[in-house]
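Chemist: One predicted model, sequence on top.
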Amino acid sequence: MSSVAVLTQESFAEHRSGLKDEEITGSGVPEDEAYIPTYLEAFPPLPEKGASGEKSGEPAGAWSKIRPIKASVITQVFHVPLEERRYKDNSQFGEGEEAKVCLDIMQRTGAHIELSLAKDQGLSIMVTGKLDSVMKARKEIVARLQTQASATVTIPKEHHRFVIGKNGEKLQELELKTATKIAIPRPDDPSANIRITGTKEGIEKARHEILLISAEQDKRAVERLSLEKAFHPFIAGAYNRLVQELSQETGARISIPPPSLHKDEIVITGEKEAVAMAIARIRAIYEEKKRKTTTISVEVKKSQHKYIVGPKGNTLQEIMESTGVSVEMPPLDSSSETIILRGEPDKLGPALTQVYAKAKSVMVVEVTAPAWLHRFIIGKKGQNISRITQQLPKVHIEFTDGEERISLEGPTEEVEQAQAQIQEIIKDLMSRMDYAEVNIDQRFHRHLIGKNGANINRIKEQYKVSVRIPQDSDRSGLVRIEGDPQGVQLARRELMDMAQRMENERTKDLIIEQKFHRTIIGQKGEKIKEVRDKFPEVIINFPDPSQKSDIVQLRGPKNEVEKCAKFLQKLIADLVENSFTISVPIFKQFHKNIIGKGGANIKKIREETNTKIDLPTENSDSEMIVITGKKANCEAARDRILAIQRDLANIKETEVSIPAKLHNSLIGSKGCLVRSVMEDCGGVHIHFPSEGSGSDKVTIRGPAGEVERAKKQLLQLAEEKQVNNFTVELQAKPEYHKFLIGRGGANIRRVRDRTGARIIFPSPDEPEQELITIVGREEAVRLAQKELETLVKNLDNVIEDTMVVDPRHHRHFVCRRGQVLRELAEEYGGVAVSFPRTGVQSDRITLKGAKDCVEAAKRRIQEIIEDLEAQVSVEVAISQRYHRAVMGPKGCRIQQITREHEVQIKFPERDESAGQEPSPLENGDTSPDANFVPRKGDIITISGRAEKCELARVALLALVPVTVDVEVSYDLHRYIIGQKGSGIRKMMEDYEVNIWVPQPEQQSDIIKITGQVTNVERAKQGLLERVKELQAEQEDRALRSYKVTLSVHPKYHPKIIGRKGAVISQIRKDHDVNVQFPDKGDEHQVCDLIVISGYERNAEEAKAAIEQLVSTLQEMVSEDVQLDHRVHARIIGTRGKAIRKLMEEFKVDIRFPQPGSDDPDKVTVTGLPENVDNAIDHLLNLEEEYMLSVTETETMAAYMKPSRGVGGGGGGGVGADDDGRSPAKGFVVRDAPWNAPGNKAPDMSSAEDFPTFGSGVAPKQMSAWGPKKF
């Protein structure tokens, strides 16, 4: 028997039962002469796991597995000692390489990094961000800012893969955790050494972790000893020598956790005997030390601890080596100053002596120097101080802002040298340096500095001094000058002169349209430079283009400012005169004639009229020629251009009178209406006068006949517009407009209601500010016009009147630059109110304006005086810490109270020197006087009427934030916070409060709510309602977690699940339960147990439904029927459609034999007895019918020549073609199943093993693949 099976594409087919949905397709496989694949390569087996449809639902109790929400942003702080800093340059802190490295790391990792410098020049680094970003940033910081050491650790080669982990995840985690770089040799490298690079502490941690991993994987003994951490140093010995000796003597590997790792567990690995010997030795050392040693505690200043520890802990090792005493230091982040010495009693004395000697090996000295002199002592870019620190590197020098002392720290001899050098520098500076302080009004500071610091830099260079001007935020006028005594006095005099000049200066605002600003400034500022050179003492400030302001500010001596203003006004007048523009429509075909040969015509017109003439481009559709210049010149140029057009064609021009008010409506939106008229009338030009000119003349130009048509259409359109919309315009001074409108629009609303006409006042940006437009029906408009004219006439009747106002109230009207008087003038038709000049003892004021306005203004002034007479002042004591909250954003809350209650509220100056602030109000305590003694800085003054002051006081107190505690079970906190804090954030926004939830590690039930009383109460109720909802959800989850089990034989499981899980899905949906089937691959799980979880009632109902289904399945019977295998494919049908239909019809399950079965004709039918009998009868009938066709096909094939060389179907069994060619090689595989002893190779000529696609002779023949598709 040959070991190679030959299959052809035509005869290779797969026989399936038809019960699956997958599409059965035949695919050809290309030959490969060089390589014959194995059977498993050509036909890989399906995965062992069951179909996804058979998997059970989600595991029960999923709610109980919800992990607690952790903060997405974390913060880690770690320290880099001076001796381990990579960059020790003495440049300005925050500007050197360290800062650049940190910026680069922040950009690459997304973490936020903050650096700070400790007294010992060590770095404290705080990294904030997401956990992954922080770990990456920490690793990079250690690698780039800290000096790197390296060490090797040897573990068996076969353990390396466990250190690396799946896809290298374990190695990455270890590197991030220890901030080291771990290099593991490649698999082909015989070395077993793993190299660790990083800080000493990181290397120790990484080495410990690697040895632990190796120990876990080591097949030899692994023992863990839990011994008190305090005795680990005695087991390790000084410099780890004792533990190394133990390892060498016993042959066991001993891993002691480093001091920075708070673990008591010592891990010993190796041969069992060696491990036992090592454990015995370690226990002996431990028991001996525990018995013989005692402890003493000493208090040493925290600042001296680092000298006891020494660089990289060497000092502690020295003490251990010389005395055998262990020194236990408190953690760096602890505030404890207690040091514990542990050792034998007779050794504790010498050890204590050494500890004190090391602690006192460094001295601290303070040098007194004026605070203003500090920066000169430091020198430019730290030159002076760096010379000292380079000579004496162990000395640390610290300057404290605002204090007259300098601290020196280091070895005694070096500190004394540094002290002498600094005192010498101070003495030298004091002999040749002086300072002066001058008080200059803050508003002049920016002028003292000058543009880009020009003025102040000139003074500094000229007098060799340093000038320090306070920031605007300091609100201080004190300018400090430091330097050479003579230079200080000269600079002081010049600054005082500049300030004096600025006080005598005058500021004038010029209104210049913004469109002219660029022209006045000129290209690269050339033109404005000429103006500034002409008036050097005047400062000219143009507004920023983005502000769209027309105000140009001039500042300088009065006479010079006036001259400069006149010069600029003349310049603007010339610009305005020369910027007049006219657009002339000229038919496109005549443009070339207007230009002339070589541009002669247009050039001549430009020169003779002194204008600028712009023509549209040739490819443009525009016919407009734009003329710019003086008005008279522009009109002359327009006439000459139009004359050229008239000479060239029969062009007629006519004028038609149409009211100017209709022009906009005739032009239409974006000129659409007038454009349609021009297009309809043969392209005539219709020109409306410019807006605001007041002219009614509309010009029509074009061919004579078309001009008449356009005139007729325009007049018709104008008539239609006029009938439907009547408009009247009325002239009234702008200052009358507010009085005509009235407070809140009351006056004008009355006129509108009586007449029905609409009255439109001009907007502030409109050019015609006096024009009031009345629109509506003609009779309504006329009536409104009459009423308004009467009102305006009365307003034009100007009178002068006086009234008596007590002088003590005068200041109220004229303070704040006369704001009250301005408001009166705006509200009452521009009435002028004059108060007596300062120093004149008079109580009479004068009012001048329209009679009605004057009377109304007098009434209003009387109301204000009554309010002032009744005014009282009320003091409210509110702790200064709450003032910002009471004011609200930009003082909005205070402004609202002052408006609502018509009072004045004055807050005190901020008292920075006050003592400790009082504790916040809690549990709804709204009285600000209850918990603290009021200070001057806490008193808020309210001025106004007594009753209104009281209302305002209550309103102020209501704004004081309070804090209440709400008790909420700790288990519910994560649900209240919500995903990424969304829940708590929404509550804070909705209720305008601040909600503080305790940290998870505190395990506290108290949630604090801070805000205004009403908001806090609302938030508290909302929080309690949310708690009720969550508790209800918890109860619901508890009810849903009811479980019931059901034992069902595994043979029924597929039927309960159903095809693609249809049956079990329906049960789950109907009863709202979760049904879990046992996992086929789990050996520890009971294979027949089905778990149902949900509400108790639903679970019981689902159990009953499954039991009913199982009982139905148990009633079913299975019977075998013999059907000729040649008709199986016909019965199954295309893609199993026929057999599925048959199973649905008879409510049975039909299973066909697998290919290669011992009994290929056996078909199994399963179902209820009656249904099985009916299905079998139907199948036998089908067999009888299909066998006739099969017999006929085989008979015909015996007499037909096969189309291929290898026999496929039919009974002839022809093996070769007539021409004697050998059969095709086909598809060849190695190591096929039939090569095994006892197995039989498939018969290539058998229609059973390899059914054909059909011989193609009989069109009505049915193949094993179902009916053919064309």
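Modeler: Cool, the structure landed. Please read all numbers here as calculations on a predicted model, not as lab measurements. Residues are numbered from 1 along each chain as shown.

Chemist: Near residue 156, how many residues? Count them for me, please.
Modeler: 12 (other Cβ atoms under 10 Å). Where C-beta positions appear, they are placed from N, C-alpha and C, glycine not excepted.

Chemist: Just confirm it contacts residue 192, I think it does.
Modeler: Yes: using Cβ atoms under 8 Å, residue 156 is in contact with residue 192, at 6.4 Å.

Chemist: any idea how far residue 520 is from residue 505?
Modeler: Between residue 520 and residue 505 the distance is 22 Å, computed by Cβ to Cβ, to the nearest Å.

Chemist: do the same with residue 369
Modeler: Distance, residue 369 to residue 505, by Cβ to Cβ: 41 Å.

Chemist: Equivalent analysis for residue 487, please.
Modeler: Between residue 487 and residue 505 the distance is 27 Å, computed by Cβ to Cβ.

Chemist: which is the next helix or strand following the strand or helix carrying residue 976?
Modeler: When elements are defined using DSSP states H and E, residue 976 is found to belong to helix 973-977. Stepping forward along the backbone from helix 973-977, the first helix or strand reached (DSSP H and E) is helix 982-991.

Chemist: got a list of contacts for stretch 1105-1124?
Modeler: By Cβ atoms under 8 Å, 6 or more residues apart in numbering, the surrounding residues in contact with stretch 1105-1124 are 1046, 1048, 1052, 1055-1056, 1063, 1067, 1070-1071, 1075, 1090, 1092, 1131, 1161-1169, 1172, 1176, 1179-1180, 1183, 1187, 1190.

Chemist: Weed out the non-buried ones from these.
Modeler: 1046, 1048, 1052, 1055-1056, 1063, 1067, 1071, 1075, 1090, 1092, 1131, 1161, 1163, 1165-1167, 1172, 1176, 1179, 1183, 1190 (16 or more other Cβ atoms under 10 Å).

Chemist: Residue 365 touches residue 417, doesn't it?
Modeler: No: taking Cβ under 8 Å as the contact criterion, residue 365 and residue 417 are not neighbours in contact, 11.0 Å apart.

Chemist: before we move on, the earlier item: what mean pLDDT would you report for the helix holding residue 976?
Modeler: Averaging pLDDT along helix 973-977 yields 86.

Chemist: For it, name the packing helices and strands.
Modeler: Other helices and strands packing on helix 973-977, by 3 or more Cβ pairs under 8 Å, 6 or more residues apart in numbering; DSSP states H and E, are helix 982-991, helix 1013-1040.

Chemist: What lies in contact with that helix?
Modeler: 68-69, 968, 983-984, 987, 997-998, 1000, 1007, 1023, 1026-1027, 1030.

Chemist: Mind picking the lowest-pLDDT entry from those residues?
Modeler: Sorting these by pLDDT puts residue 68 at the bottom of the list (53).

Chemist: shouldn't residue 151 be in contact with residue 194?
Modeler: No: with contacts counted by Cβ under 8 Å, residue 151 stays clear of residue 194, the gap being 9.5 Å.

Chemist: Please say which of the two ends up with more neighbours.
Modeler: Neighbour comparison, residue 151 and residue 194: the larger count goes to residue 194, with 21 against 15 (by other Cβ under 10 Å).

Chemist: quick one: that one from residue 352, how far?
Modeler: According to Cβ to Cβ, residue 194 and residue 352 sit 41 Å apart.

Chemist: Could you tell me how many residues sit around residue 452?
Modeler: Per other Cβ under 10 Å, the neighbour tally for residue 452 reads 7.

Chemist: what do you get for the one 3 residues further on?
Modeler: Under the neighbour criterion other Cβ under 10 Å, residue 455 is assigned a count of 18.

Chemist: Tell me which residues touch it, please.
Modeler: Going by Cβ under 8 Å, 6+ apart, residue 455 touches 447-449, 498.

Chemist: If we go by neighbour counts, what in stretch 298-306 is buried?
Modeler: Residues 300, 304-306 are the ones in stretch 298-306 that count as buried (16+ other Cβ under 10 Å).

Chemist: Apologies, that question was intended for stretch 974-992.
Modeler: Using 16+ other Cβ under 10 Å as the test for burial, stretch 974-992 gives 974-977, 983-984, 987-988, 991.

Chemist: can you check stretch 1037-1048 too?
Modeler: With the criterion 16+ other Cβ under 10 Å, stretch 1037-1048 contains buried residues 1040-1042, 1046, 1048.

Chemist: is it possible to export these to a markdown table including distance to residue 1136?
Modeler: As requested, those are exported to a markdown table (distance: Cβ to Cβ, whole Å):
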| residue | distance to residue 1136 |
| --- | --- |
| 1040 | 40 |
| 1041 | 42 |
| 1042 | 41 |
| 1046 | 32 |
| 1048 | 28 |
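
Chemist: Could you point out which of these is nearest to residue 870?
Modeler: Nearest to residue 870 out of the buried residues of stretch 1037-1048 is residue 1040 (Cβ to Cβ; 69.1 Å).

Chemist: Please report how far the closest one lies from residue 1046.
Modeler: Residue 1040 is 18 Å from residue 1046, by Cβ to Cβ.

Chemist: next SSE after the worst-scoring helix or strand of the chain on mean pLDDT?
Modeler: When the helices and strands of the chain are scored by mean pLDDT, DSSP states H and E, strand 5-7 comes last with a mean of 38. Sequence-wise, the next helix or strand downstream of strand 5-7 (DSSP H and E) is helix 39-42.

Chemist: which residues touch the following helix or strand past that next one?
Modeler: Sequence-wise, the next helix or strand beyond helix 39-42 is strand 74-80, with elements assigned using DSSP H and E. The set of residues that contact strand 74-80 without belonging to it, under Cβ under 8 Å, 6+ apart, is 118, 122-131, 134, 138, 145-146, 332-333.

Chemist: With only the CA atoms kept, save strand 74-80 in PDB.
Modeler: Taking only C-alpha atoms (Å, rounded to 0.1, in the frame of the first residue of the first chain), the coordinates of strand 74-80 have been written out as PDB:
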ATOM      1  CA  ILE A  74      -1.100  60.000  41.400                       C
ATOM      2  CA  THR A  75       1.900  61.900  42.800                       C
ATOM      3  CA  GLN A  76       5.200  60.400  43.800                       C
ATOM      4  CA  VAL A  77       8.100  62.300  45.600                       C
ATOM      5  CA  PHE A  78      11.600  61.000  45.600                       C
ATOM      6  CA  HIS A  79      15.100  62.400  46.500                       C
ATOM      7  CA  VAL A  80      18.400  62.500  44.700                       C
END
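
Chemist: Would you pull up how far whichever helix or strand comes after that strand lies from the middle of the chain?
Modeler: The first helix or strand that comes after strand 74-80 along the chain, using DSSP H and E, is helix 97-109. Its chain's average C-alpha position is 21 Å from that of helix 97-109, according to Cα atoms, centre = their mean, to the nearest Å.

Chemist: and the next helix or strand after helix 97-109, what does it pack onto?
Modeler: Scanning forward in sequence from helix 97-109 by DSSP H and E, the next helix or strand is strand 112-117. For strand 112-117, the packing partners by 3+ Cβ pairs under 8 Å, 6+ apart come out as helix 97-109, strand 123-129.

Chemist: List the buried residues for the longest one?
Modeler: In this case it means helix 97-109. Along helix 97-109, the positions that meet the burial threshold by neighbour count (16+ other Cβ under 10 Å) are 98-99, 101-102, 105-106, 109.
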